[in-house]
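> What follows is a predicted protein model with its sequence.
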Amino acid sequence: DAGNYTLSLPASILADIFRKAITGTVIADDKTYDGTTTATGTVNLTGVIAGDEVTASALLAFADANAGNDRTVTISGGSLGGADAGNYTLSLPASTLANIFQKTITGTVVANDKIYDGTTSAIGTVNLSGVIAGDQVTASALLAFADANAGSDKTVTISGGSLGGADAGNYTLSLPASTLADIFRKAITGSVVTNDKTYDGTTDTTGTVSLNGVIAGDEVTASAIFAFVDANAGSGKTVTVSGGALSGADSANYTLTLAASTLADIFQKALTGTVVANDKTYDGTTAATGTISLSGVVAGDQVTASAILAFADANAGSDKIVTISGGSLTGADAGNYALSLPASVLADIFQKAITGIVVADDKTYDGTTGASGSITLDGLIAGDEVAASAILAFADANAGSDKTVSITGGSLGGADAGNYTLSLPPTTLVDIF
């Protein structure tokens, strides 16, 4: 029935165009730990009319600053921009997920020098670079020398690096594979024992060095040069110690300290004296003389020996005992020796030759050749009891002047006669009246 009508309309009326609701899909960016909750990302819009200029933004923030995977990122303050933004309302999710990666930090390792201890153990410090201000992070590592021996700029291997502290989980640690440090030689002392010796005319001596402070199992021995300050015998003499040296497989790991001197004895050298007692002619005393020859005197030393010699008794005889006493040494080097002498030796006391002076008596003719007289002895030791006798006989029985009297069979008697030999003239002259 439209043909039956004509239409009259107003020029305009009013109505609403509602904004179109669009959805934003938020993609938060992963980041490396920086100590903040700051987050970035993009908002992708769904439902925008083709050709419209519309962009979206929002405020993104991690729930906390710590590193981790699939961390919650809160979304707030969503807004639209662009020429056609007024035609839309934005709907965003309350949150999304993103990762905060651990921050790589570098540790600078300073290994401590040490004194040789027979092990490869090492200690040191790890200084961190790149830690966020205010974070509590410490680092540690296992340090070990490549070998235990002393030396300069030795390689120290670094392993087992780890982080500690409240914020350690936000970081990964990068350490060098090795660093350098010194192992100083260990100072050890030597206890010196010098050997006593018997005098030999030199200052040379020997001794031993016992080491204090050597690491158990190490092969180290010590030697030194020992010398008495002089060569003379004596007790508690100073011995200089020099040239201390270490040897053995592990000796290079040590330095040696020795006392400059010690004490020891030089014993007197035992000398044997060979005593030769002189034979003598009877003199009524036990006095004896002799010589002492020394065996064992060091070449060049000035030493002589003396002793008191005495016959056991004064009487003449062969192989008589001569006692030896009071042995002593003299000379510049006598103090370096001790003298050993036999208790006795043997020697002879020869009989003393004495002369008999014969005085024959004159007689009156009696028809026999028998004669008498006296003998006076010349050379007797004062106090000796000795008398002489002989057989006297005239050559014939006739009277006459200055007749020859033969002297025969001379002999000695008395307590001391054995100490003498008698010499008599063969004849003398007297008268037979």
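Everything's here; your move.

> Report pLDDT for residue 408.
We note a pLDDT of 97 for residue 408 in this prediction.

> which SS class is the closest residue to it other than its chain neighbours?
With C-beta to C-beta, 6 or more residues apart in numbering as the measure, residue 391 is the residue that lies nearest to residue 408, at 4.9 Å, once sequence neighbours are left out. C-beta coordinates here come from the backbone N, C-alpha and C atoms, glycine included. Of the three states, residue 391 takes strand according to DSSP: H, G, I helix; E, B strand; the rest coil.

> For residue 391, grab the count of nearby residues.
Summarising burial for residue 391: neighbours were counted as other C-beta atoms under 10 Å, giving 12.

> give the contact list for it.
407-409 (C-beta atoms under 8 Å, 6 or more residues apart in numbering).

> cutoff 10 Å now
Residue 391 is in contact with 370-371, 406-411, counting by C-beta atoms under 10 Å, 6 or more residues apart in numbering.

> Show the buried residues in those residues.
Buried residues within those, counting neighbours by 16 or more other C-beta atoms under 10 Å: 371, 406-407, 410.

> Next, the buried residues of the helix or strand hosting residue 161.
Residue 161 is located in strand 151-164, with elements delineated by DSSP states H and E. Applying a neighbour-count criterion of 16+ other C-beta under 10 Å, the buried positions in strand 151-164 are 151, 154, 156-158, 161, 163.

> which helices and strands does it pack with?
Taking 3 or more C-beta pairs under 10 Å, 6 or more residues apart in numbering; DSSP states H and E as contact, the helices and strands that strand 151-164 lies on are strand 103-111, strand 121-122, strand 124-129, strand 138-145, strand 171-174, strand 178-184.

> these two touch, right, residue 173 and residue 159?
No. Look at residue 173 against residue 159 with C-beta atoms under 10 Å: they stay out of range, at 12.0 Å.

> Name all residues that make contact with the closest residue to residue 373 other than its chain neighbours.
With sequence-adjacent residues excluded and distances taken as C-beta to C-beta, 6+ apart, residue 373 is closest to residue 360, at 3.7 Å. Counting by C-beta under 10 Å, 6+ apart, residue 360 makes contact with 371-375, 390, 392-394, 403-407, 427-431.

> For residue 352, give me the pLDDT.
Confidence per residue is given as pLDDT, and for residue 352 that number is 98.

> And it, how far from residue 284?
Distance from residue 352 to residue 284, counting by C-beta to C-beta, to the nearest Å: 9 Å.

> which neighbours do those two share?
Shared contacts of residue 352 and residue 284, defined by C-beta under 10 Å, 6+ apart, are found at 380-381, 384, 416, 419.

> More neighbours: which of residue 352 and residue 284?
Set side by side, residue 352 and residue 284 show more neighbours around residue 352, with 20 against 15, by other C-beta under 10 Å.

> which residues touch that one?
With C-beta under 10 Å, 6+ apart, residue 352 has these contacts: 280-284, 316, 379-381, 384, 386, 416, 419-421.

> sorry, back to before: list residues touching both of residue 173 and residue 159?
Looking at what touches both residue 173 and residue 159 (by C-beta under 10 Å, 6+ apart), the common residues are residue 141.

> Show me what the closest residue to residue 213 other than its chain neighbours is bridged to.
On the basis of C-beta to C-beta, 6+ apart, the spatially nearest residue to residue 213 that is not a chain neighbour turns out to be residue 188, at 4.0 Å. Bridge pairing for residue 188 (DSSP bridges) gives the partners residue 256.

> now residue 188: how far from residue 209?
If you measure residue 188 against residue 209 using C-beta to C-beta, the figure is 10 Å.

> any idea which of the buried residues of strand 151-164 is closest to residue 7?
When those are compared for distance to residue 7, the smallest value, 84.4 Å, is given by residue 163; criterion: C-beta to C-beta.

> bridging residues for the closest one?
Residue 163 has these beta-bridge partners by DSSP bridges: residue 139.

> tell me the mean pLDDT over stretch 124-141?
97.

> Just the CA trace of stretch 78-87, in PDB.
Output for stretch 78-87, consisting of C-alpha atoms alone and laid out as PDB, is shown next (Å, rounded to 0.1, in the frame of the first residue of the first chain):
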ATOM      1  CA  GLY A  78      46.300  -0.200  29.400                       C
ATOM      2  CA  SER A  79      45.500   2.600  26.900                       C
ATOM      3  CA  LEU A  80      44.900   3.100  23.200                       C
ATOM      4  CA  GLY A  81      46.500   5.600  20.900                       C
ATOM      5  CA  GLY A  82      46.200   6.500  17.200                       C
ATOM      6  CA  ALA A  83      43.700   8.400  15.000                       C
ATOM      7  CA  ASP A  84      40.900   5.900  15.600                       C
ATOM      8  CA  ALA A  85      41.600   5.100  19.200                       C
ATOM      9  CA  GLY A  86      38.400   6.800  20.400                       C
ATOM     10  CA  ASN A  87      36.400   4.200  18.600                       C
END
